[in-house]
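Participant: Here is my input; please provide its structure:
(2 chains)
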Amino acid sequence: MKNIAGAIVPLGAAFLAFLFGAVMILALGANPIDGLAAMIDGAFGTGDRLAATAVRATPLLLVGAGITIAFRANVINIGGEGQIIAGALLSTAVALAIPDTPKIVLLPLVIVAGLVGGGVWGAIPGVLKAYASVNEILSTIMLNIVAIQLMNYLLRGPMIDPIEVGGSNIPQTERLTDNAALPTLIDGTRLHLGVPIAIVAAIIVYIILWRTPLGFRLRAVGHNPDAARAAGISVKKNIVTALGLSGALSGLAGVVLVFGSESLRLVTDGGAAGFTGSAGFNGIVAALFGALHPLWTIPSSFLFGSLLTGATELQRELQIPNSLAIALNGLIVMFVVSSGRARNWLNARLDRGTGFDTGADS
Amino acid sequence: MSDFFTLSVITATLATAIRFSVPYLLGALGETIGQRSGVLNLGVDGIMLLGAFGAYYTVLETDSHMLGIAVGIGVGLLMGVVYAVVTVYLQAEQGISGIGIFLFGLGFSDLLFQELVGTPKPIKPLPKLDQLPGVGGLFEPLAEIDYLGPLLFDHNLLTYLAFLLVPVVTWVLMKTTFGMNIRSVGENPQAADSLGVSVVRTRFFAILIGCSFAGLAGATLSLQLAIFQHNLTNGIGFIAVALVYFGAWQPRWVMAGALLYGLVTATRLKWQSLNIIPQNASDVAAMAPAIITILALVLLASRVRGPAALTKPFERH
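Facilitator: Below you'll find the predicted structure:
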């Protein structure tokens, strides 16, 4: 029965957030029904828009799938932004270094570089937590700052497009080789290989977490570290693994953002969001909304991707600033995390008479 | 480099550093109060953004700094109520709820800015001590003292207020009943509860005060810069949270951390403007405080213990 409560609660949270969105649209002098129609049209209206939504959802899904690993192991990864950047930087460096390598070799290399870059950037806070008791929330935040400045440094220096030097000095790389571009799957749309890669990644995460000894250990550490330790599981190693895997998936999101982009280059506006689109944070939202389950994170990411593309259309048609989507994401997070009490209450109502306590989810 | 090492340039840089450190200091002082009561708030950056916009927009419309500051604090209080309800009454996971507050503040402040203002319009700058109406003349001779004047007597009132709040917060936390209650519910809420201290009410007020500090921190930022733009804080609120750990939950060490961030920022901008270092070297310098913070956390983690009940919701048994 708990699955019913598990589904009602996030949907209720989304409903409340959309209610707030409707009130905001009303307050901004537009009709919420028109607003909803514009958003749906913007997100799903044409095949091209549907593809754009899927592309927009991809980094959220990758980050979100990684978040499920970290959170299941009871470590909080706020470092998605930095890990995306680290993955993007390393994979871009590979593409810049060996541009003439055939696609069949270069593309896998670029993907691996992204996984490694993000993985290392994620493993560092893991090591700091496991071996120096540094709170991972703080270290991931600090490493976000370091990654942003590293990106700014590299894109204004060693990795800058030679044409920009002495000219307009835009901090960006040259257009990267087509040999590293994620191939388009349907001509005329933006749908690229990154989309199925992300879906497969989420499925692999599911398999790892629930069908392998590694996943068992990660969840055991997350569920009860003392019991895990007593059973001979190394809590420290698994903390590093959880954050490393989580970071690797965010790093892959960085690859998708660079090598799936139309401009096919890495460019910075000085902050993180200009490049990541805040995917490092929005991915957390998608994962939470997907009940921290990698498979549920797939539709959940798609939903939040559609919120983002829909908001773009909302701005174009009704002049409602698209930052409404980010504000709504924030509200959804708060509603979802506040709903534990509502969930418990609902569970109690649903289970009345059975006598079983189903409060704990595994 | 020789351009930099003149006494006047160094004092000017230090004076800028003091001004830059104020939003960090206010945000981190507020967070210290909240964390001492056992509640982590990662949403400081979002509250700062809302406070910054509220203050900016109020000054844009009314030309009154006092009103702008009041609105900044008010916005912080309002978000404090939301955060307190979410974390204290509904017992939500604090790290994640804070991210929710951050995203809401990031999106909502930009929404309001685009809707109400559109393109960045500068506002009236904050008056410095010697420019205050009426009493400004009294401070003029002080501000004109060589080197010491610009360093100590040439700031706006918010700067003095922020540094004054350091001993005030210390005193409240260490010497008053309310402060003792805050510390006790942050250390051992069960024991505090059994002694008749209301954990819920104490945490509620600690969060309200902390968030009003965050609102004021945002107001200070936009009023000092006399501008607002999308994501104006650019992560200052997150650093403020880290400074609390960096400062081992002690206001004076939190202040030291805030000054460090101000100093690094002021120095690298000064070096950049004097063409001592190219911009991308300035990017490297900007990593320094984050790396120093991580190293400090590594060194402190085994030596300093935070509030024992930090991030743990209270449930009466």
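Participant: need the longest helix for chain A.
Facilitator: Counting residues, the longest helix found in chain A (DSSP state H) is helix A:103-132.
Participant: In the stretch 201-350 of chain A, where is pLDDT below threshold?
Facilitator: A:350 (pLDDT under 70).
Participant: scratch that, the stretch 1-150 of chain B
Facilitator: In the stretch 1-150 of chain B (pLDDT under 70), the answer is B:1-2.
Participant: Quick one: name the residues of the stretch 151-300 of chain A near chain B.
Facilitator: A:152-153, A:156-157, A:271, A:273, A:278, A:281-282, A:284-285, A:288 (Cβ under 8 Å from any Cβ of the partner chain). Where C-beta positions appear, they are placed from N, C-alpha and C, glycine not excepted.
Participant: what residues are up against residue A:91?
Facilitator: A:110-111, A:113-114, A:117, A:180, A:251, A:254-255, A:258-259 (Cβ atoms under 8 Å, 6 or more residues apart in numbering or on different chains).
Participant: wait, residue A:337
Facilitator: Applying Cβ under 8 Å, 6+ apart, the residues contacting residue A:337 are A:288, B:86, B:92-93, B:96-97, B:100.
Participant: Please determine how far residue B:14 is located from chain A.
Facilitator: Plainly put, residue B:14 is 23 Å away from chain A if you go by Cβ to the nearest Cβ, to the nearest Å.
Participant: host element of that residue?
Facilitator: Taking DSSP states H and E as the criterion, residue B:14 maps to helix B:7-36.
Participant: Could you list every helix and strand that that helix packs against?
Facilitator: helix B:44-62, helix B:148-152, helix B:157-175, helix B:177-187, helix B:199-225, helix B:236-246, helix B:251-273 (3 or more Cβ pairs under 8 Å, 6 or more residues apart in numbering or on different chains; DSSP states H and E).
Participant: what comes up buried for it?
Facilitator: Buried residues in helix B:7-36, counted by 16 or more other Cβ atoms under 10 Å in any protein chain shown: B:11-36.
Participant: just how off-centre is it within its chain?
Facilitator: The chain centre lies 8 Å from the centre of helix B:7-36; the measure is Cα atoms, centre = their mean, to the nearest Å.
Participant: One more: stretch B:241-251?
Facilitator: 12 Å.
Participant: that older thread, farthest pair in the residues of the stretch 151-300 of chain A next to chain B?
Facilitator: Greatest spacing in these, by Cβ to Cβ: A:157 and A:288 (37.8 Å).
Participant: quick one: the helix or strand containing residue B:285 near chain A?
Facilitator: Secondary structure assignment for residue B:285, by DSSP H and E: helix B:279-301. Yes - counting by Cβ under 8 Å from any Cβ, chain A has neighbours in helix B:279-301: B:279-281, B:283-284, B:286-287, B:290-291, B:293-294, B:297-298, B:301.
Participant: Around chain A, pick out the residues from the stretch 1-150 of chain B.
Facilitator: Counting by Cβ under 8 Å from any Cβ, the stretch 1-150 of chain B sits next to chain A at B:40, B:42, B:46, B:82, B:86, B:90-93, B:95-97, B:99-108, B:110-111, B:114-115.
Participant: mind listing what's buried in stretch A:58-65?
Facilitator: A:58-65.
Participant: Quick check: the closest residue in space to residue B:22 that isn't next to it in sequence vs residue B:155, distance?
Facilitator: Closest residue to residue B:22 apart from its sequence neighbours, by Cβ to Cβ, 6 or more residues apart in numbering or on different chains: residue B:162 at 4.6 Å. Distance of residue B:162 to residue B:155, given as Cβ to Cβ, to the nearest Å: 10 Å.
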